[in-house]
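1. The following block contains a protein sequence and its predicted model.
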There are 2 protein chains.
Amino acid sequence: MTPVTEKVESPFPTRARDGSDVCELLPLGEYLYLKLAQIGTKTIFGVPGDFNLSLLELLYTQKVKDSGLKWVGCCNELNAAYAADGYSRYTNRVGCVVTTYGVGELSALNGIAGAFAENIKLLHVVGVPPTKYNTLNHNIHHLVPRLKYSNLLAPNKEVYMEMVNEKVCCFYANITDLNQARWQIEIAIKHIFQYNLPAYIFIPTDFQDALIPISVNEHLSREDIMPIEEIVEIPLLPSLEMVSVCDYILSLLYSSKTPCIIGDILVERFGVTKQINDLIHKTKLWNFSTFMSKGVLNESNPYYQGVYFGKLSQDHIVKKIQMCDLIIHFGVVENEINTGYYSFNYKPDSVLIQIHPDYVRITQFQHNIRTDYKGIEFRTFVDMVTKGVQPNSINTTYNRLFSPSSHAYLFPLEQEEDGPISHDYLETIIPRYINPGDVVVCETGSIQFTMVNTRLSSDVEYITQGFYLSIGMAIPASLGIGMAMRDYPNLHLSKKSSHSNVPPNYKPRLILLEGDGAAQMTVQEITNIIKYKIPIEILLLNNQGYTIERAIKGADKEFNDICEWNWPQLLNGLGGNLDETKNKYKFFSTTELYEKLKQLKDYPGKETFSFVEVILNKLNIPTTLIKMASELEHKETK
Amino acid sequence: MTPVTEKVESPFPTRARDGSDVCELLPLGEYLYLKLAQIGTKTIFGVPGDFNLSLLELLYTQKVKDSGLKWVGCCNELNAAYAADGYSRYTNRVGCVVTTYGVGELSALNGIAGAFAENIKLLHVVGVPPTKYNTLNHNIHHLVPRLKYSNLLAPNKEVYMEMVNEKVCCFYANITDLNQARWQIEIAIKHIFQYNLPAYIFIPTDFQDALIPISVNEHLSREDIMPIEEIVEIPLLPSLEMVSVCDYILSLLYSSKTPCIIGDILVERFGVTKQINDLIHKTKLWNFSTFMSKGVLNESNPYYQGVYFGKLSQDHIVKKIQMCDLIIHFGVVENEINTGYYSFNYKPDSVLIQIHPDYVRITQFQHNIRTDYKGIEFRTFVDMVTKGVQPNSINTTYNRLFSPSSHAYLFPLEQEEDGPISHDYLETIIPRYINPGDVVVCETGSIQFTMVNTRLSSDVEYITQGFYLSIGMAIPASLGIGMAMRDYPNLHLSKKSSHSNVPPNYKPRLILLEGDGAAQMTVQEITNIIKYKIPIEILLLNNQGYTIERAIKGADKEFNDICEWNWPQLLNGLGGNLDETKNKYKFFSTTELYEKLKQLKDYPGKETFSFVEVILNKLNIPTTLIKMASELEHKETK
Ligand SMILES: Cc1ncc(C[n+]2csc(CCOP(=O)(O)OP(=O)(O)O)c2C)c(N)n1
Ligand SMILES: Cc1ncc(C[n+]2csc(CCOP(=O)(O)OP(=O)(O)O)c2C)c(N)n1
């Protein structure tokens, strides 16, 4: 109880926790921004509101400006969350969304849940009322009152935090103590990278400007971006158990005759895409992706077999997978969609190795033996396996080379017969229209089930929300992806593999495959794509409503109809510059569409904002979707 | 354990619970729809999804068609929730929104929270996965996995229910037992009316088609709509305590010299608007409304004084309220906004009577005595007070008549000097542009603080979200209100008072006062207003961004800017039929605006869809908003 003790406890020490000198005091909000810049977030998305205005003001300090951090204000908060999600999907860094108490944070919630469901690194920063309100019996605007006696009792100021805590975030911090604040921010960031899940930070309006001491060692304005290993503090040395599990797996591989690799979506989320693609390059093993991971593997590798999707897969893929006696499934995600309604099915005498961030599981079907290894650090382990493998020790008996399916990417863009546009046609033409290295965003809807059967050109980044399946996500996500492509030019090429085929001077295009029903959910966000001059080619698939739902039920019911829009006019309203007197935007026949896509492919970048409305019959349904719908129908009601 | 017992327990008895005959078996979903029609819900809003398609299919049975229940599919779920909210605000019946699991229900959540915060009767019906999934370890699409070991543990199927339970609803029912289902639906409806709050019903896909027995006494397809008293089962006879509290209040009134009435928003929510307006008519007492209740009192009554808003009120209003020795505050809502930051302030020797659904509170400031009476049924009590009062026993000493303020509604629409359009000008012109009996929807934003100082024509229905303040609400709410006006023509006139001044053949207009920033949040929903040919006049106040936020902070910061839109083109994209070559849509000067508003006022209904873009300076801020912003600033940071 000496005065000295009191001094140490003060929030403004002259020495930092590590004993080094404090070089300056920074407002908490500014610290948060610099921290974000330090871990590689260069654009943040959001909407202002009464409780975050002062936090947003801090975006304009010299230090934050120097850090390069930019603000993109979205039309609404759900869109902002989707944009941040897209930003993270492309960069594999933290997408950040800033909203205001209640009205803003709840509007964003569906976007956060989607990020949680799909392991996206998101930080949701919410400006909340000042802590001094805690002692007041006040019903604050944007805050729901108590269920009963609403006027008599103080409302629960933390009601919205309770909604998300342990449900759609891996961590949340309500900043109410300056001594804890910095630690809370650090932990939030660390957790996001460690679990690949969203976290929340709630900043009361009396805290963003509170000063915290910064030590000389923090390098807040260092030039380079902090590597992930440093953020999550991945142990440098693998454990003994890891070594023996790795050896065991490799021995299984060496004794296998027909081994294969499934590269699943956590490969991408945990940043080991390059390792897996390099492994494939080195081992020449048959490889498959999953519904969620489509595009993670470089599909132009000659050993690529397609998307394995259980009984929803194409027949030739099922046949191939059932030839395999060893399946090494990296970055497993087991859910209804990714497993084709839990219908993955292997040869009775095969061995399945599932490598997941929480476990390594080895299943020997013949002997009905399943062994789980836990506590194995995923990134280190994948590294170890991929580096340890000796290609010469592999003895496969199958033909390693892919037999190209009828519409492989290698084919030139060629016109087929004229006729109405159908999903079958899109399945042949879209993969050819995409160039190596392009970035393709695919909206939830029937088009996903067409794309799943395509083979993509080399180094294509393919982004879709394959499990949470919230429609409308793709437009704002494209804004986020577009900003990310600007912040990190060509990142996806170097992230994908060490053997990119893309000419060094090629400028990857951003292509959005969008459904008309989904588009109506979030259409206004196109305005920011236009405002920020993000080069994009939007293919809007107009099949007059919710075709994917028609495939399930109510094929002709009004509830699956949507309003008819005049898209070029709408886009012009949003700031587009479409000239209907000079150009065509609506395409009814394969010939017309072919000409347009050819033009876009051959002269990429001629227009910044390209729009192609593709007219489809409202009951034209991709084959895989028909399979899936009948499966769903069966599951739901039987 | 006899076979007979077994029969009684079966879910399909031949006798209903009341002993009467079962006349038929109905699918649960159909029963829900008929029940909704029975309680006066004629339009429901929503978006389809995998888990509600079969429920939506039941909209097309002969019985449901005959009931007149209609479906309006919205562009997204937040919009649907707002529309249902608007529907309830106008009808004072249940607004219903139907969404799908996760993606849909979470998207709607902010709308539900707003309804909860503002005592709106909403039913949120969510289609959820079949109960048979409960026994499976499956990660279902739209459902967030577990926080850890996501692939190994069954997800918590009820995670979304847990988010809302006891937070933003007064009741929720997850239907998992057919024997309970009907009871759950009934209780949900009863609770909604009783508490004026939202409720949730979750219907698994294996339940909407399950048959439940209907008794001959249920009158599901009766022609008339069930009166609220019957739904909530209001006791017919007032309690003895109520009688004595009522007598006491009346005696206070009779001995008061300067009594007044504040009609607050719960008056409207609990359906006693007519009683209060009739009370005012009968007693000729000075009367005030609040920020939230503006428009509830018939502002054309000669004793109407304006909105009391604590220290944010206009000076003459503060002066008047401080003359009062007795304040009878009906339907009190105490929150930050409605009380002008808790600054209601009365004469030191006055008596305040607050009548709230949960309590009657009498405060004698002089003696510092506060008495609470609980358990008094609000509707019955208000009825009793308003019927019991003897106008002849009232002895007021003040001049009962209102001294009309400079821009009272009675003035004709007259042009003032030409010049740029400002909030001051809007404050004078908008009230004159509105005709008696019109319906005005006011978006959250600076315009609310202009409108608060206006006096509205007789019988005007004024709808705004005055406490939760979620921007973007007003466009979809207008869709709901427009449908409600069609379902219940002129309802607001009869709901308001027994002395409507509106000519019987006048067709009330629907006028939307909308901010440009708010509009960008939910703009697409205008498409349904157009599709359903809802006659509307939209005044879009274009002040180039978030002016209300500029008033608080960041006046010139980019985070308060929005994208510039070409509104007529955008609206044409959404199905509008604006012809820029023939008409003007953008108004810069008072003269131009005056001409346009005069035309709309004099020839209402000439165009179904009228659009007026009003250009304001981005820093033109209403005086009341300046007061409020400085108050907020002060509160937040000091
Ligand atoms: C937010 C949200 N609401 C509703 C759904 C249910 N849903 C899934 S796909 C779909 C229709 C998509 O229609 P569209 O974008 O036109 O694509 P299409 O299948 O017609 O090609 C709907 C309504 C959803 N997944 N997400
Ligand atoms: C959903 C939601 N997001 C953010 C806010 C914070 N907010 C309140 S008013 C406002 C600006 C409204 O702008 P506009 O509609 O243009 O009206 P103005 O004040 O400019 O007249 C904002 C962003 C909110 N209330 N609700």
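-> That came in fine, so what should we check first? Ligands and ions are numbered 1, 2, ... in the order given.

2. what about residue A:287, helix or strand, and which?
-> Assigned by DSSP states H and E, residue A:287 belongs to strand A:286-289.

3. mean confidence score for the following helix or strand past that strand?
-> Scanning forward in sequence from strand A:286-289 by DSSP H and E, the next helix or strand is strand A:304-307. Across strand A:304-307, pLDDT averages out at 94.

4. which outside residues touch strand A:304-307?
-> By C-beta atoms under 8 Å, 6 or more residues apart in numbering or on different chains, the residues outside strand A:304-307 that reach it are A:260, A:280, A:286-291, A:294, A:297-298, A:313-314, A:316-317, A:320-321, A:402, A:405, A:452-453, A:455. No exception for glycine: its C-beta is placed from N, CA and C like everyone else's.

5. filter the residues you listed to the buried ones?
-> Taking 16 or more other C-beta atoms under 10 Å in any protein chain shown as the criterion, what is buried in the contacts of strand A:304-307 is A:260, A:280, A:286-291, A:294, A:297-298, A:313-314, A:317, A:320-321, A:402, A:452-453, A:455.

6. check contacts around the residue positioned nearest the centre of chain A.
-> The residue lying closest to the centre of chain A (C-alpha atoms, centre = their mean) is residue A:89, at 3.3 Å. Residue A:89 makes contact with A:95, A:120, A:463, A:477, A:480-481 under the criterion C-beta under 8 Å, 6+ apart.

7. Which ones among those residues map onto strands?
-> A:95, A:463 (DSSP state E).

8. from the contacts of residue A:89, which are also near ligand 1?
-> Among those, not one lies near ligand 1 by C-beta under 6 Å from any ligand atom.

9. got TSV for the contacts of residue A:89, with neighbour count too?
-> Formatted as TSV, the contacts of residue A:89 follow (neighbours: other C-beta atoms under 10 Å in any protein chain shown):
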residue	neighbour count
A:95	33
A:120	26
A:463	25
A:477	32
A:480	32
A:481	30
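
10. which one of the contacts of residue A:89 is nearest ligand 1?
-> residue A:477 (13.2 Å; C-beta to the nearest ligand atom).

11. Can you tell me how far the closest one is from residue B:420?
-> 40 Å (C-beta to C-beta, to the nearest Å).

12. what do you get for residue A:564?
-> Counting by C-beta to C-beta - residue A:564 and residue B:420 are separated by 38 Å.

13. likewise residue A:109?
-> Taking C-beta to C-beta, one finds residue A:109 at 40 Å from residue B:420.

14. Neighbour count for those two, which is higher?
-> Between residue A:109 and residue B:420, residue A:109 has the larger neighbour count (other C-beta atoms under 10 Å in any protein chain shown), namely 26 against 12.

15. Which element, helix or strand, includes the residue lying closest to the more buried one once chain neighbours are set aside?
-> Ranked by C-beta to C-beta, 6 or more residues apart in numbering or on different chains and with sequence neighbours excluded, the top spatial neighbour of residue A:109 is residue B:106, at 5.1 Å. Assigned by DSSP H and E, residue B:106 belongs to helix B:103-117.

16. after that helix comes which helix or strand?
-> Helix B:103-117 is succeeded, C-terminally, by strand B:122-128 (DSSP H and E).

17. I'd like the average pLDDT over the helix or strand just after that following strand.
-> Scanning forward in sequence from strand B:122-128 by DSSP H and E, the next helix or strand is helix B:159-164. In this model, helix B:159-164 has a mean pLDDT of 96.

18. which residue does chain A bring closest to ligand 1?
-> Closest point on chain A to ligand 1, by C-beta to the nearest ligand atom, is residue A:515, at 2.1 Å.

19. And residue A:242, how far from ligand 2?
-> For residue A:242, the distance to ligand 2 equals 48 Å [C-beta to the nearest ligand atom, to the nearest Å].

20. Is it correct that that residue is in contact with residue A:384?
-> Yes. Counting by C-beta atoms under 8 Å, residue A:242 does reach residue A:384; the two are 6.4 Å apart.

21. between these two, what contacts are shared?
-> Between them, residue A:242 and residue A:384 share no contacting residue, judged by C-beta under 8 Å, 6+ apart.

22. circling back to that earlier point, what's the mean pLDDT across the strand holding residue A:287?
-> So the average pLDDT for strand A:286-289 ends up being 96.

23. burial count for the residue nearest to residue A:109?
-> 30.

24. Not counting sequence-adjacent ones, nearest residue to the residue of chain A closest to ligand 1?
-> Take residue A:515 and drop its neighbours on the chain: the residue closest to it by C-beta to C-beta, 6+ apart is residue A:445, 3.6 Å away.

25. Over to the one you found: give its phi and psi.
-> Per-residue torsions, residue A:445: phi 150, psi -170 (degrees, to the nearest 10).

26. what's the angle between the lengthiest helix in chain A and strand A:122-128?
-> When chain A is parsed with DSSP state H, its longest helix is helix A:178-195. Using axes from the mean of the first three to the mean of the last three C-alpha atoms, to 10 degrees, the direction of helix A:178-195 lies 150 degrees away from that of strand A:122-128.

27. Contacts for helix A:178-195 next, please.
-> A:9, A:11, A:28, A:31-32, A:35, A:39, A:94, A:119, A:121-123, A:170-173, A:175, A:197-201, A:207, A:210, A:212, A:228, A:231-233, B:147-148.

28. Need the buried ones from the residues you listed selected in ChimeraX.
-> To isolate the buried ones among those in ChimeraX, judged by 16+ other C-beta under 10 Å, type:
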select /A:28,31,32,35,39,94,119,121,122,123,170,171,172,173,175,197,198,199,200,201,207,210,212,228,231,232 /B:147
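
29. just checking, which of the contacts of helix A:178-195 belong to strands?
-> Reading strands off the contacts of helix A:178-195 with DSSP E, I get A:122-123, A:171-173, A:199-201, A:212.

30. coming back round to it: got a pLDDT number for the residue nearest to residue A:515?
-> pLDDT at residue A:445 comes out at 97.

31. Same question for residue A:267.
-> Reported pLDDT for residue A:267: 97.

32. which residue sits closest to it, ignoring its sequence neighbours?
-> residue A:331 (3.6 Å).

33. ditto for residue A:341
-> Per C-beta to C-beta, 6+ apart, closest to residue A:341 is residue A:631, 5.4 Å.

34. Now do the contacts for that neighbour.
-> A:311-312, A:340-341 are the contacts of residue A:631 under C-beta under 8 Å, 6+ apart.
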